[in-house]
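Asker: prediction below, plus the sequence it came from.
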Amino acid sequence: EVQLVESGGGLVQAGGSLRLSCAASGFIFEYYVIAWFRQAPGKEREGVSCITRSDGTTSYANSVKGRFTISRDNAKNTVFLQMNSLKPEDTAVYYCNVNVRYYNYWGQGTQVTVSS
């Protein structure tokens with residue numbers, strides 16, 4: 001059974017930092033692209049960042065480029081999202097995502113709240 005468990009969210013002041021973790025199980029982790037999404041109240045879920053399975057190539061939404069860094073530890077089946085210079089508009093529930101055999105799996109999400 002595929003499982004994704006996010007952690008590391010919390011309340012932080014603008015300009016602060018948080019590090020999110022996504023612990024995965026139930027599939028061969030190193031074979032798959034892992035992504036982070038977020039959903040703010042009243043808004044659609046949006047892609048934040050993703051990291052490939054092989055060479056660790058990364059991509060970012062324009063809104064977070066230069067402030068967020070995604071990384072993975074294949075030995076620990078974990079993906080991280082380092083978030084620096086946080087802004088109030090980064091406030092959202094952050095979700096980890098993987099597509100395994102054409103099915104999208106999601107974690108339960110972790111709340112990030114940035115106060116101004």
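Answerer: Good, I have the coordinates.

Asker: contacting residues around the residue nearest in space to the middle of the chain?
Answerer: The centre of the chain sits closest to Trp36, judged by Cα atoms, centre = their mean, with a distance of 3.0 Å. Taking Cβ atoms under 8 Å, 6 or more residues apart in numbering, we find Trp36 in contact with 20, 22, 47-50, 70, 79, 81, 94-97. C-beta coordinates here come from the backbone N, C-alpha and C atoms, glycine included.

Asker: same question for Phe68.
Answerer: Contacts for Phe68 (Cβ under 8 Å, 6+ apart) come out as Val48, Ser49, Tyr60, Leu81, Gln82, Met83, Asn84.

Asker: the same query, at a cut-off of 10 Å, please.
Answerer: Phe68 is in contact with 18, 20, 36, 48-49, 58, 60-61, 81-86, 90, counting by Cβ atoms under 10 Å, 6 or more residues apart in numbering.

Asker: just Asn99 next, same as before
Answerer: Asn99 neighbours (Cβ under 10 Å, 6+ apart): Tyr32, Val33, Ile34, Ala35, Tyr105.

Asker: partners of the strand or helix carrying it in the sheet?
Answerer: Using DSSP states H and E, the element containing Asn99 is strand 92-100. Applying DSSP bridges, strand 92-100 is found paired with strand 34-39 (antiparallel), strand 103-106 (antiparallel), strand 110-115 (antiparallel).
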